[in-house]
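In: everything below, folded, please.
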Amino acid sequence: MRTSIVITKNIVKARLYRLKYRVMNTNGFSDYSDIVYIRAGVAPGRPQSPQLVSATATKINLKLFKPTDNGGSEITKYELYRNDGNDANEPTTKVTSYLGALLTHELDKTADSLVTGKIYKIKFRAINVLGNSEDSGVVRYALVDKPLMPSAPTVIYASSNETLIAVEWAAIVPSQTPGQEVYGYVLEVMDTSNTLGQFEVVFDGSVGFPSSRSYVYADNRVKAGHNYLFRVKASFRNGLTAYSATSLPVYACSPPSYLLAPLLNNVNKDQITLEWSQPRQGGACPLLGYQLYMNNGAGGDTFTEIDSAAVKDKPALALHSTTSATTLGATYRFKLKAYNVVGSTYSESVGYVIADLPTAPASAPATDPSITNQTKLKVDSTAVPSDGGSPILTYSLEIDDGKGGPFTVAYGDPVASLSLSFTTELLISRGLLYKVRSRAKNIIGWSSYSPTGYIRAAVRPNAPPAPAFVSATDNSITVSLKETIENGGATVTAYELYVDDGALGTFTKLTGYNGLAPSFKIDRTTGATEEKALVSGRVFRLKYKAINEINSSEFSDIVSVAMASAPAKPATPSKIISLSTSTTLVISWTAVANAALPGGVITKYKVFMDDGLDTGNVRGALEEYVQVQYVAASLTQVSVTGLTPGRPYKFKI
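Out: Here you go, the predicted model:
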């Protein structure tokens with residue numbers, strides 16, 4: 001006989017059914033039993049695990065969940081269980097502070113005998129009249145404060161460039177363990193160059209990466225030169241910390257590179273001006289500026305930043321003058337630093353001497369007339385008055401073509417020379433006037449040019465012929481002067497005529513002569529002072545010289561001329577019959593009186609005779625012939641022999 005039955009037909013879940021039964025024997029049915037009330041249902045379904053709302057070092061605030069299936073019968077209560085904070089033990093301790101009605105509960109350190117820092121296993125169940133639900137899943141929550149947020153990420157510039165960015169952050173050091181121990185970190189990035197400007201996760205190390213505190217962002221979305229922000233948060237037992245502070249702007253770029261050493265723009269004894277160009281590679285980020293460094297000017301290897309206020313943080317700067325180098329003649333070494341937001345680069349160091357340019361030679365180059373001639377030039381330059389504080393490295397001489405053409409370097413550049421003299425026969429032509437100039441160079445550079453000199457390829461003229469006597473009186477002498485036959489390659493500009501004192505004394509220049517006239521009359525009555533000083537009757541020596549731009553010639557040969565009138569006309573000669581023969585004639589004449597003495601004394605007579613053919617041509621009237629005889633002034637007759645008998649000879653004295 002059955003004593004149980006399962007009813008499934010027409011049963012509606014959650015309805016409360018009344019049931020009664022009776023029994024039957026051979027005599028019939030019994031009365032009905034008392035009525036029993038049975039609801040069509042089961043124990044509640046398994047509830048969701050408790051969810052953490054918040055936690056501190058003293059409280060764990062939970063949210064509890066009603067099962068989705070009450071089993072067909074109202075939930076009558078709930079029960080909450082925990083363990084002792086030892087992960088090896090299951091949550092079997094009923095939380096007595098929980099009264100079983102509410103779907104929230106706050107575990108309390110004191111009320112529930114909890115220990116700060118421990119991680120508790122927690123589970124939850126629902127109960128109806130039909131029984132207990134299956135326990136929820138076990139969750140673990142720590143009785144801890146939320147750890148402090150991580151520090152802001154910082155860029156690792158040594159590992160970053162235009163296509164990747166390396167960042168790092170400091171680890172969180174828990175104070176409430178093990179509940180605050182970090183399970184991992186979550187890194188987010190935002191491209192500020194993107195107008196959307198949203199953070200996105202680039203590394204989720206929230207679980208299983210507690211030691212990861214750096215990350216290389218090398219996603220193909222990294223754009224050279226873009227500006228990125230990073231932030232990080234940490235995961236621990238109860239969830240995630242707050243976000244760190246946002247990193248400083250991080251640029252996808254490299255430090256600048258290939259920075260050339262600064263160049264010398266200008267220098268003098270008071271300051272040096274440097275110029276430079278931007279690095280050849282900027283690293284994809286804007287250049288922020290430069291820093292200029294200088295050593296001690298004595299060969300030291302220590303460089304100190306100078307003129308920071310004028311140079312630093314000025315990316316457009318490319319020229320700067322400094323007065324920091326103070327020792328004249330010293331070589332100071334400079335180097336430049338260029339930097340952008342991620343790093344910097346240094347140029348090589350370069351040395352420059354603090355000095356002025358040499359001063360220009362004060363005088364124009366000049367020639368040495370003893371060497372310069374019509375095919376050769378000797379040029380002598382002068383040293384500069386000041387080397388500017390740095391030794392002269394070379395002198396340079398420049399010469400034109402003698403025809404007004406451009407200057408060309410004769411020596412000293414590019415091959416250095418400290419010589420101040422130069423001799424050349426290259427392409428030198430007689431009579432041309434060459435322009436010359438010089439300059440000097442020290443380590444700073446070239447001086448200005450000297451004044452221009454002019455050198456003619458010429459020598460002094462040859463001596464002119466001796467002055468020629470023209471006439472004389474007791475008070476004057478007239479001579480003719482001829483040009484020299486060789487001017488030395490330069491035009492004769494003047495002649496100078498000199499006379500002595502008539503007593504074999506020194507010569508004096510005749511200032512009354514204009515230097516160009518072909519003749520000159522020395523007149524002691526109307527002439528210049530030196531002419532008036534001459535004494536009538538004396539025999540004066542005369543000479544002259546030619547002058548061109550090179551020099552004066554040697555003096556001409558000397559001519560001696562008496563300042564005395566010519567002798568009076570002699571009387572007609574006569575024949576001394578007693579002394580003459582058919583082939584010999586003896587002629588006599590009257591002595592002529594002397595002029596002013598001593599120069600006017602009669603020194604000799606000249607006797608002229610014709611050929612005796614009576615042609616009317618008296619020989620010697622205009623010219624001297626072999627028949628001319630000189631007779632001492634002390635004599636007044638002459639004997640002519642070897643004549644032809646019978647011929648009538650004519651004589652003239």
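In: can you get me a residue count around S33?
Out: For S33, the neighbour count with other C-beta atoms under 10 Å is 11. Just so you know, the C-beta spots here come from the backbone N, C-alpha and C atoms, and that holds for glycine as well.
In: kindly report the same for L336.
Out: Neighbour count of L336, defined by other C-beta under 10 Å: 24.
In: surely it is in contact with S344?
Out: No: contact criterion C-beta atoms under 8 Å: L336 and S344 do not qualify, at 10.3 Å.
In: contacting residues for L264?
Out: The contact partners of L264, by C-beta atoms under 8 Å, 6 or more residues apart in numbering, come to I272, T273, L274, E275, Y352.
In: domain ranges for the protein?
Out: Domain ranges of the chain: 1-143, 154-251, 263-338, 366-456, 468-562, 568-653, per automatic domain parsing.
In: count of neighbours near M149?
Out: Each residue near M149 was counted by other C-beta under 10 Å, and the total is 17.
In: and if you look at G299?
Out: Counted with other C-beta under 10 Å, residues neighbouring G299 total 10.
In: need the domains of the chain in a markdown table with distance to L357, can you?
Out: A markdown table is the format used below for the domains of the chain (distance: least, C-beta to C-beta, whole Å):
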| stretch | distance to L357 |
| --- | --- |
| domain 1-143 | 80 |
| domain 154-251 | 45 |
| domain 263-338 | 8 |
| domain 366-456 | 5 |
| domain 468-562 | 34 |
| domain 568-653 | 68 |
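In: Serialize these to a markdown table and add fields for distance to P358 and mean pLDDT.
Out: Shown next, in a markdown table, are the domains of the chain (distance: least, C-beta to C-beta, whole Å; pLDDT from 0 to 100):
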| stretch | distance to P358 | mean pLDDT |
| --- | --- | --- |
| domain 1-143 | 84 | 92 |
| domain 154-251 | 48 | 89 |
| domain 263-338 | 12 | 94 |
| domain 366-456 | 4 | 95 |
| domain 468-562 | 31 | 96 |
| domain 568-653 | 65 | 81 |
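In: where do the strands sit along the stretch 451-600 of the chain?
Out: Using DSSP state E, counting those that start in this stretch, the strands found in the stretch 451-600 of the chain span residues 453-456, 468-472, 476-480, 494-499, 508-509, 519-523, 539-547, 559-562, 574-575, 585-588.
In: next, the angle from the longest one to strand 468-472.
Out: Comparing the axes of strand 539-547 and strand 468-472 via axes from the mean of the first three to the mean of the last three C-alpha atoms, to 10 degrees yields an angle of 130 degrees.
In: equivalent analysis for the third one, please.
Out: Angle of strand 476-480 versus strand 468-472, following the same axes, to 10 degrees, is 150 degrees.
In: packing partners of strand 476-480?
Out: Packing partners of strand 476-480 (3 or more C-beta pairs under 8 Å, 6 or more residues apart in numbering; DSSP states H and E): strand 468-472, strand 519-523, strand 539-547, strand 559-562.
In: mind doing that once more with 7 Å?
Out: strand 468-472, strand 519-523 (3 or more C-beta pairs under 7 Å, 6 or more residues apart in numbering; DSSP states H and E).
In: highest average neighbour count across those?
Out: For the helices and strands packed on strand 476-480, average neighbour numbers computed from mean count of other C-beta atoms under 10 Å are highest in strand 519-523, which has a mean of 19.
In: and that strand, which strands flank it?
Out: The sheet places strand 519-523 alongside strand 476-480 (antiparallel), with pairing taken from DSSP bridges.
In: close enough to count as contact, S324 and N295?
Out: No: the pair S324 / N295 is not scored as a contact, 10.8 Å apart, by C-beta atoms under 7 Å.
In: so between the two, which is more surrounded?
Out: For S324 versus N295, the count of surrounding residues by other C-beta under 10 Å is larger for N295: 19 against 15.
In: excluding covalently adjacent residues, which one is nearest to that one?
Out: Spatial nearest neighbour of N295, excluding adjacent residues (C-beta to C-beta, 6 or more residues apart in numbering): R333 at 4.6 Å.
In: tell me which element the one you found is part of?
Out: R333 is located in strand 331-340, with elements delineated by DSSP states H and E.
In: can I get that strand in CSV, CA atoms only?
Out: Taking C-alpha atoms only, strand 331-340 is exported to CSV below (Å, rounded to 0.1, in the frame of the first residue of the first chain):
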residue,chain,number,x,y,z
THR,A,331,91.8,81.5,-27.2
TYR,A,332,88.4,80.8,-25.7
ARG,A,333,86.5,77.7,-26.6
PHE,A,334,82.7,77.7,-27.0
LYS,A,335,80.1,75.1,-27.4
LEU,A,336,76.4,75.2,-27.9
LYS,A,337,73.6,73.2,-26.4
ALA,A,338,70.2,72.9,-28.1
TYR,A,339,67.2,71.4,-26.4
ASN,A,340,63.6,70.5,-27.0
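In: contacts for the helix or strand following it?
Out: As assigned by DSSP H and E, the chain's next helix or strand after strand 331-340 is strand 344-346. The contact list for strand 344-346, computed with C-beta atoms under 7 Å, 6 or more residues apart in numbering, reads P255, P256, S257, L259, P279, K335, K337, A338.
In: and after strand 344-346, which helix or strand comes next?
Out: Following strand 344-346 in sequence order, the next helix or strand is strand 350-353 (DSSP H and E).
In: buried ones in that following strand?
Out: Within strand 350-353, the residues that count as buried by 16 or more other C-beta atoms under 10 Å are V350, Y352, V353.
In: all set, thanks.
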